[in-house]
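*Asks:* sequence first, predicted model second:
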Amino acid sequence: MTSSKPAECGGNTLGMWRHISTGHCARTATARTATAMSFGLDAAEDSLRAWLAECDRLNIDPRDPRRKTPAGHLQLPKFVKFHLLHPGSDCDEIFWQDPSTFTPRRGRNGYVDSSGIYPMNTQRLYTSDIPLPEIQFINALIDRKLAQLAQLDITDLSRHRYWRRVRLSAGLPLSVFADKIITPLWGWVRNLHAHAFHDYKGGALFGPKDTNAIDASVHLGKAGYAYIPEEGFSIAHILQKEGDVIGYHYDSGDNWWVDIKLEEIAPRDTSTGAVVVLDGAGGYPPDGESSGTFSWAIQLRKAAQSPAGKRNAVKVLFGATNYQDKNPPLDPLDYDFDLSDLEGMRKAIRDALDSKGSLHYASKKFVTPFAPMDEMNSDSSMLSRLGRTARNMKKGTAVSQTPVPGHGGMFLEEGVKLTRKDKPTNTACANCGTPHDLKACSRCGQRYYCGKDSQRAHWKESHKMICGKSAQK
Ligand SMILES: [Zn+2]
Ligand SMILES: [Zn+2]
């Protein structure tokens, strides 16, 4: 292409063009000619001439935003603006589509990649005033993708960092499930904080009758104000079909939220109802250190971001009530929050099953001595700290005190069942955890078993050591 600008503009086919916008023509044509010359290309010039001839023939104004599709149809692009001198027919058909509804095509490898947009031969026409059709289109796709990304909820990633999978009987009473299964699974402290089951299908809450846990009274609103006493109801009352999810709220002050999903209902003949810990991920979350699901998630995020954040998270963890008897790691930066302790969970569940149910009306309290110990240990003093009187403490129960080492005489106080038995309808086999067909040990009457096999196994393992000797455990 060697013709000069005036000759081009004065040419026959360009007459109409000059008539429309001489100024624009001159500027664009100069730039185009210079580019075409420097690259030694003239294909675009030919295509431009053809396009203007076409406009002439069709008797349309080149300012008309319609362009020729590769299939040869004169069509209005839904989004992209073409350069005045660009016929369009060398472009991919997607440029006549709307990027907000555009369905990307698969590329040669069968995957959708780079929107399937191919390079064109018209780059020299476009400037910063009119970006390339590709850039116009892809920028709209980027906006659309960003809007989709903003809608994505990826909190699931942290929510599922901690999980446990367990097989048990749906006939298990809710109070036993909370006290002897859920609490040990998370390594928490039995009878320390309030809890409630949340039936997500209608919002009903189920919790222990008359709990005196401090968090339940201080955070009445977060504890749900009032709930149906869980005694008398079992898992099957609130989890009925596969896929059902209920919530478990633990510690109304700190707020641990656990979702419990019924994954699979096993055929009756394949299960005895024994509790089996199958799998899990994540260590034991801190119990009672102003933590809870959301603030612990933030601690873990900070731990992943910096050594200082990690040191702090390890400090929070080992300052928690359920970590009192654990040694902090020598190097906090080596600590793995994601390491789960399946054997530890199984042991904690076995210990819990081999004990009586907690007395939620006299839950655990940390007490710092404020008077001489004989005064502290008087019945009336102990009972008043638990919010009880000798009359409303149930028969066969007592107040137990356990020293908290390294805390200057502090002790843990709670109501326990001494000679009082669990109701057979509100307990589980001391050996395997099934709630079905329970009979008390005929000798001590303090443990329940589902049958001879469980009783024999448990006798050999541990019960012979305590049966009849002490009613306290
Ligand atoms: Zn059993
Ligand atoms: Zn016994």
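*Replies:* Alright, I've got the coordinates. Ligands and ions are numbered 1, 2, ... in the order given.
*Asks:* next helix or strand past the helix or strand hosting R346?
*Replies:* Assigned by DSSP states H and E, R346 belongs to helix 342-353. Next in sequence after helix 342-353, counting helices and strands by DSSP H and E, comes strand 365-367.
*Asks:* give me the contacts around the very next helix or strand once past that following strand.
*Replies:* Downstream of strand 365-367, the first helix or strand assigned by DSSP H and E is helix 373-376. If you take CB atoms under 8 Å, 6 or more residues apart in numbering as the criterion, helix 373-376 is touched by V367, P369, F370, S381, M382. No exception for glycine: its C-beta is placed from N, CA and C like everyone else's.
*Asks:* how much distance is there from helix 373-376 to the middle of the chain?
*Replies:* In terms of CA atoms, centre = their mean, to the nearest Å, the centre of helix 373-376 is found 48 Å from the chain centre.
*Asks:* offset the numbering so it begins at 46, please.
*Replies:* Right, with 46 as the first residue, what we last looked at is helix 418-421.
*Asks:* buried residues in that helix?
*Replies:* Neighbour counts over helix 418-421 (16 or more other CB atoms under 10 Å) mark M421 as buried.
*Asks:* got it, and stretch 296-310?
*Replies:* Residues D296, S297, G298, D299, N300, W301, V303, I305, L307 are the ones in stretch 296-310 that count as buried (16+ other CB under 10 Å).
*Asks:* which residues touch the closest residue to the fifth one other than its chain neighbours?
*Replies:* So that's N300. Residue nearest to N300 in three dimensions, not counting chain neighbours: G337, with 4.1 Å by CB to CB, 6 or more residues apart in numbering. Residues counted as contacts of G337 (CB under 8 Å, 6+ apart) are D296, D299, N300, W301.
*Asks:* show me what counts as buried in stretch 404-420.
*Replies:* By neighbour count on 16+ other CB under 10 Å, the buried set for stretch 404-420 is L404, H405, Y406, A407, S408, K409, K410, V412.
*Asks:* check those residues one by one and keep those near ligand 2.
*Replies:* Contacts with ligand 2 within these, counted by CB under 5 Å from the ion: none were found.
*Asks:* what's the closest of those residues to ligand 2?
*Replies:* Set against ligand 2, the nearest of these by CB to the ion is L404 (20.8 Å).
*Asks:* could you find the closest non-adjacent residue to the closest one?
*Replies:* With sequence-adjacent residues excluded and distances taken as CB to CB, 6+ apart, L404 is closest to G460, at 4.1 Å.
*Asks:* write out the residues of this structure neighbouring ligand 2.
*Replies:* Residues of the chain lying near ligand 2 (CB under 5 Å from the ion): C486, R488, C489, C512.
*Asks:* of those, select the buried ones using a ChimeraX command.
*Replies:* Buried subset of the residues of the chain next to ligand 2, written as a ChimeraX selection, criterion 16+ other CB under 10 Å:
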select :486,489,512
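*Asks:* make TSV out of the residues of the chain next to ligand 2 and add pLDDT, distance to V263 and secondary structure.
*Replies:* Formatted as TSV, the residues of the chain next to ligand 2 follow (pLDDT from 0 to 100; distance: CB to CB, whole Å; DSSP: H, G, I helix; E, B strand; the rest coil):
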residue	pLDDT	distance to V263	secondary structure
C486	96	40	coil
R488	94	43	coil
C489	93	39	coil
C512	93	41	coil
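*Asks:* what is the nearest of the residues of the chain next to ligand 2 to I226?
*Replies:* Proximity of those to I226 (CB to CB) peaks at C486, which lies at 21.5 Å.
*Asks:* so how far is K509 from that closest one?
*Replies:* 11 Å (CB to CB, to the nearest Å).
*Asks:* in the sheet, who's paired with the residue nearest to L404?
*Replies:* Taking DSSP bridges as the rule, G460 bridges to V444.
*Asks:* pull the contacting residues for it.
*Replies:* Contact partners of G460, counting by CB under 8 Å, 6+ apart, are L404, Y406, A407, S408, L431, R433, M438, T442, A443, V444, S445.
*Asks:* mind running it again at 7 Å?
*Replies:* Listed by CB atoms under 7 Å, 6 or more residues apart in numbering, the contact set of G460 reads L404, Y406, A407, L431, M438, T442, V444.
*Asks:* over to K462?
*Replies:* K401, L404, G441, T442.
*Asks:* excluding chain neighbours, what is closest to the third one?
*Replies:* Sequence neighbours aside, R465 is the residue nearest to G441 in space, at 2.9 Å (criterion: CB to CB, 6+ apart).
*Asks:* are we agreed that that neighbour is in a helix?
*Replies:* No - under DSSP: H, G, I helix; E, B strand; the rest coil, R465 falls outside any helix and is assigned coil.
*Asks:* count of residues packed around it?
*Replies:* 17 (other CB atoms under 10 Å).
*Asks:* ramachandran coordinates for it?
*Replies:* When read as degrees, to the nearest 10, the backbone of R465 gives phi -60, psi 140.
*Asks:* surely it and M438 touch.
*Replies:* No - at 10.1 Å, R465 and M438 do not qualify as touching, with contact defined as CB atoms under 7 Å.
*Asks:* ok, back up a step: quick one: pLDDT of the residue nearest to G441?
*Replies:* Looking at R465, its pLDDT is 93.
*Asks:* for ligand 1, see how far away it is.
*Replies:* Note on R465: its distance to ligand 1, by CB to the ion, to the nearest Å, is 22 Å.
*Asks:* contacting residues for that residue?
*Replies:* K439, K440, G441, T442.
*Asks:* what number of residues lie near the closest residue to G478 other than its chain neighbours?
*Replies:* Take G478 and drop its neighbours on the chain: the residue closest to it by CB to CB, 6+ apart is V320, 3.2 Å away. Residues near V320, counting by other CB under 10 Å, number 26.
*Asks:* noted, bye for now.
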